[in-house]
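Chemist: Got a sequence here, can you model it:
(2 chains)
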Amino acid sequence: MTDSAAQFEIDMSGGVLKLIPRGDWRARYLGKLDDALRDFADDSVGRDLVIDMGAVDRLDTVGAMMLQRTMHSCSDRGSASTFVHAASAHEALLKQVEAHLEPCHVEPVHGNPFVAVVNRLGEGVIDTYNAAIELLSFIGLTLATAARVVSRPEKMRWAATVHHMEEAGLNAVPIVGLMSFLIGAVVAFMGAKILRMFNADIFTVELVGISVLREFGVLLSAILIAGRSGSAFTAQIGSMKIREEIDAMRVLGLDPMEVLVLPRVIALVIMLPVLAFIAAMLGIIGGGLVAWLAMDISPALFMVRFQETIVMNHFWAGLIKAPFFAFVIAVIGCFQGMKVEGSAESLGRHTTLSVVQALFLAIVIDAFFAMFFLEIDF
Amino acid sequence: MTEANNTDRRVIEVEGLKTQFGDFVVHENLDLEVRAGEILGVVGGSGTGKSVLMRAIIGLKPPSAGTVKVFGEDYYEADDDTRQAIEQRWGVLFQGGALFSSMTVAQNVMAPIREHLKLPEELARDIAALKISMSGLPEDAGSKYPSELSGGMRKRAGLARALALDPEIVFLDEPTAGLDPIGAAKFDDLIVNLKESLGLTVFMVTHDLDTLHATCDRVAVLAEKRVIACGPLDEVRRTDHPWIQEYFSGPRGRAALAAKAS
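Modeler: Here you go, the predicted structure:
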């Protein structure tokens, strides 16, 4: 067998149209021949065709398909059309592909693009509406479950709750603390630079104190926990959903709300205020350190000034938001986990959604609190 | 069992294979040969490393000792060009089909064609349609995403992709697992049919006794970390080993045999 490149000849002698393929008719050598062969098929419409396989060295399904395609390129080839001189292995291949020449669609079938756009817009609106209703139902269900467990405390899963308190709370202390410390320091630096222009260095204390206590401490903790624990809740519950563990729980008479959701929600509602407190303290330490090193405001002076100007209101205004953030983050994490269906792809999508929605809602709630505190002059 | 027969070309040669995960040894001193043009069924209890053996042969699980040769080349020792050449000569059907979920079935089949063969787009589409149809999928399956297919159709689509480059060896990991008996029987027929018309060598991991009877030329039994018996089904069935006896003479084994006889 010589490895001569694939080619074909057309022989008209004897009044019969004869196609003589030669050489190695395997897929990798046939790219150049495709167009020529299609042209030949178009030109020979309606005529008898004999394909002489005698000179073909090697053949694979692609070569066989191309020859069969040429043979069948129109339905009205005469009955004298046939393959001749085919080796038995080649004949088997030709036979095998003959029944499978129908083309098929490669891309998914799309309808009218305008209709598709309107469709997707409509779907988006309805999906958002449904998702909002579902989320509200889920919040309701969580509260109802909480109420039921309060009335029957033996149903409370203490072990799971404490586990999640450790996982989502205690283990997050180093990262939350470090981040808050750095943010406090950054705020102090920025304040120092501008306030010095007005000879008002000492106001750095108020700047750091108020911003960290009211907003940064709690909001940073919430953002971190949404990314760290909200997504983890979705992934945990979602993968249980995929493996049908949630269904197994239901048929065994275990309430997933009670077993999975409530311990997570309670754990976060308890731990986020603690984290926010730690964050606030470390933020102030960070700010104080910068004030001392960069602006010669000694720690003693910082403390005195702090006690004089910062009222407890700022502290409470920050901390009171923490449980609300925690509730939203935990509930959305669990809710999105419960909405996971089937595939790992869905798990990924819902994990992303969980973080995005939790952050969005946490900041919306924060804005509401800000307006509320402004109105009541807190 | 593996008596030398010089007319048989050996396309897969496994010698003294040892694979392990950490300290857990899956195979030790395992020998196996696959001859060109045969369907070899690999059976064994759960956890005996059938799939691991397949992965060791197709280059996904480097052995800790021994050699694995495919087409006479050691995949793990070969340079990149040789590896690529080997990869184009085999096709693999994973258990769940392992279709790329972001592509339609036809795009899945076209993926290796586009990557390895420089062919006009139109011809690539024709090839995809051919392979999809040969795998027994309906015409409209080409434009569907894997998530829209049933388990059986996904396996067929996976087979279509495995056949995309006209491979010489096809590896099948439990091709009939999870299919209903009718679908499984059709899949068996499909494999035998393709093997005969395309001259394929098939390496098949399976649990399915009916599939063994319907398709396999030879059967290799994995137990005790090695191949304890390898040969034609009738020969293997007579081997005096407790697991083999239980496997082939249990109620399911007898039923499959009766089905074959009738």
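Chemist: Could you pick out the residues of the stretch 151-262 of chain B near chain A for me?
Modeler: On the criterion Cβ under 8 Å from any Cβ of the partner chain, chain A has as its neighbours in the stretch 151-262 of chain B the residues B:163, B:165-166, B:193-194, B:196-199. To be clear about C-beta, it is placed using only N, CA and C from the backbone, and glycine gets the same treatment.
Chemist: Can I get the residues you listed in a markdown table including neighbour count?
Modeler: Output for those, formatted as a markdown table (neighbours: other Cβ atoms under 10 Å in any protein chain shown):
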| residue | neighbour count |
| --- | --- |
| B:163 | 24 |
| B:165 | 25 |
| B:166 | 23 |
| B:193 | 13 |
| B:194 | 20 |
| B:196 | 13 |
| B:197 | 19 |
| B:198 | 21 |
| B:199 | 15 |
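Chemist: Helices along the stretch 201-350 of chain A, start to end?
Modeler: With DSSP state H, counting those that start in this stretch applied, the stretch 201-350 of chain A shows helices at A:204-211, A:217-225, A:231-242, A:245-251, A:256, A:262-295, A:299-309, A:312-319, A:322-338, A:344-376, listed in chain order.
Chemist: Of the residues of the stretch 151-262 of chain B next to chain A, which belong to helices?
Modeler: B:193-194, B:196-198 (DSSP state H).
Chemist: ok so, going back, out of the helices of the stretch 201-350 of chain A, which gets nearest to chain B?
Modeler: Across these, chain B has its closest neighbour in helix A:344-376 (6.1 Å, Cβ to the nearest Cβ).
Chemist: How about the closest one and chain B, touching?
Modeler: Yes - for helix A:344-376 and chain B, the contact criterion (Cβ under 8 Å from any Cβ) is met by residue A:345.
Chemist: For chain A, which strand extends over the most residues?
Modeler: Among the segments of chain A that qualify as a strand by DSSP state E, the longest is strand A:17-25.
Chemist: which residues are in contact with that strand?
Modeler: The contact list for strand A:17-25, computed with Cβ atoms under 8 Å, 6 or more residues apart in numbering or on different chains, reads A:2-12, A:29, A:40, A:44, A:47-60, A:62-64, A:66-67, A:70.
Chemist: The next helix or strand after that strand close to chain B?
Modeler: Toward the C-terminal end, the helix or strand that comes next after strand A:17-25 (DSSP states H and E) is helix A:33-43. Yes - Helix A:33-43 lies within reach of chain B by Cβ under 8 Å from any Cβ, at A:34-35, A:38.
Chemist: Now the buried members of those residues.
Modeler: If you count burial by 16 or more other Cβ atoms under 10 Å in any protein chain shown, the buried members of the residues of helix A:33-43 next to chain B come out as A:34, A:38.
Chemist: Now the phi/psi pair for residue B:69, please.
Modeler: Taking degrees, to the nearest 10, you get phi -120, psi 130 for the backbone angles of residue B:69.
Chemist: I figured it hits residue B:11, correct?
Modeler: No - with contact defined as Cβ atoms under 8 Å, residue B:69 does not reach residue B:11; the gap is 9.1 Å.
Chemist: Need the overlap of contacts for those two.
Modeler: Both residue B:69 and residue B:11 lack any common contacting residue under the criterion Cβ under 8 Å, 6+ apart.
Chemist: So which residues on chain A come close to chain B?
Modeler: For chain A, the residues in contact with chain B under the definition Cβ under 8 Å from any Cβ are A:26-28, A:30-31, A:34-35, A:38, A:60-62, A:65-66, A:69, A:89, A:92-93, A:95-97, A:99-109, A:342-343, A:345.
Chemist: Could you turn the buried ones of these into a ChimeraX selection?
Modeler: In ChimeraX, selecting the buried portion of those, with burial taken from 16+ other Cβ under 10 Å, looks like this:
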select /A:26,27,28,30,31,34,38,60,61,62,65,66,69,92,93,96,97,100,101,103,104,105,106
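Chemist: hang on, isn't residue B:142 packed against residue A:107?
Modeler: No - applying Cβ under 8 Å, one finds residue B:142 not in contact with residue A:107, separated by 9.1 Å.
Chemist: what sits in contact with each of those two?
Modeler: What both residue B:142 and residue A:107 touch, as defined by Cβ under 8 Å, 6+ apart, is the set B:104, B:106.
Chemist: List the strands paired with the longest strand of chain A, with their directions.
Modeler: Partner strands and pairing direction for strand A:17-25 (DSSP bridges) are strand A:7-11 (antiparallel), strand A:49-52 (parallel), strand A:56-59 (parallel).
Chemist: Residue A:271 is nearest to which of those?
Modeler: Across those, residue A:271 has its closest neighbour in strand A:56-59 (69.9 Å, Cβ to Cβ).
Chemist: Now do stretch B:238-254, average pLDDT.
Modeler: Model confidence over stretch B:238-254 averages 85 on the pLDDT scale.
Chemist: Any chance you could list what contacts it?
Modeler: B:43, B:45, B:209, B:221, B:223, B:228-229, B:236-237, B:257.
Chemist: Make a markdown table out of the residues you listed and add neighbour count and secondary structure.
Modeler: Rendered in a markdown table, the data for the contacts of stretch B:238-254 read as follows (neighbours: other Cβ atoms under 10 Å in any protein chain shown; DSSP: H, G, I helix; E, B strand; the rest coil):
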| residue | neighbour count | secondary structure |
| --- | --- | --- |
| B:43 | 26 | strand |
| B:45 | 13 | coil |
| B:209 | 22 | helix |
| B:221 | 24 | strand |
| B:223 | 18 | strand |
| B:228 | 17 | strand |
| B:229 | 20 | strand |
| B:236 | 24 | helix |
| B:237 | 19 | helix |
| B:257 | 18 | helix |
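Chemist: what does the domain assignment say about chain A?
Modeler: By the record's domain assignment, chain A is partitioned as A:7-98, A:154-376 (automatic domain parsing).
Chemist: Would you confirm that residue A:373 contacts residue A:320?
Modeler: No - with contacts defined as Cβ under 8 Å, residue A:373 does not count as touching residue A:320, sitting 9.4 Å away.
Chemist: List the contacts of residue A:371.
Modeler: Applying Cβ under 8 Å, 6+ apart to residue A:371 gives no contacts.
Chemist: scratch that, residue A:229
Modeler: If a contact means Cβ under 8 Å, 6+ apart, then residue A:229 has A:167-168, A:172, A:268, A:329-330, A:333 as its contacts.
Chemist: Would you mind putting those residues into CSV with pLDDT alongside?
Modeler: Supplementary listing: those in CSV, determined by pLDDT from 0 to 100:
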residue, pLDDT
A:167, 92
A:168, 93
A:172, 95
A:268, 96
A:329, 96
A:330, 96
A:333, 96
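Chemist: any weak-confidence spans in chain B?
Modeler: When residues are selected by pLDDT under 70, those of chain B lie in B:1-8, B:262.
Chemist: how does it look with 50?
Modeler: B:1-7 (pLDDT under 50).
Chemist: got the residue ranges for the helices in it?
Modeler: If DSSP H is used as the criterion, the helices of chain B fall at B:50-57, B:80-87, B:105-116, B:121-134, B:151-162, B:181-198, B:209-215, B:233-237, B:242-249, B:251-261.
Chemist: from those helices, which stretch is densest packed?
Modeler: Of all the helices of chain B, helix B:151-162 carries the top mean neighbour count, a mean of 24, counting by mean count of other Cβ atoms under 10 Å in any protein chain shown.
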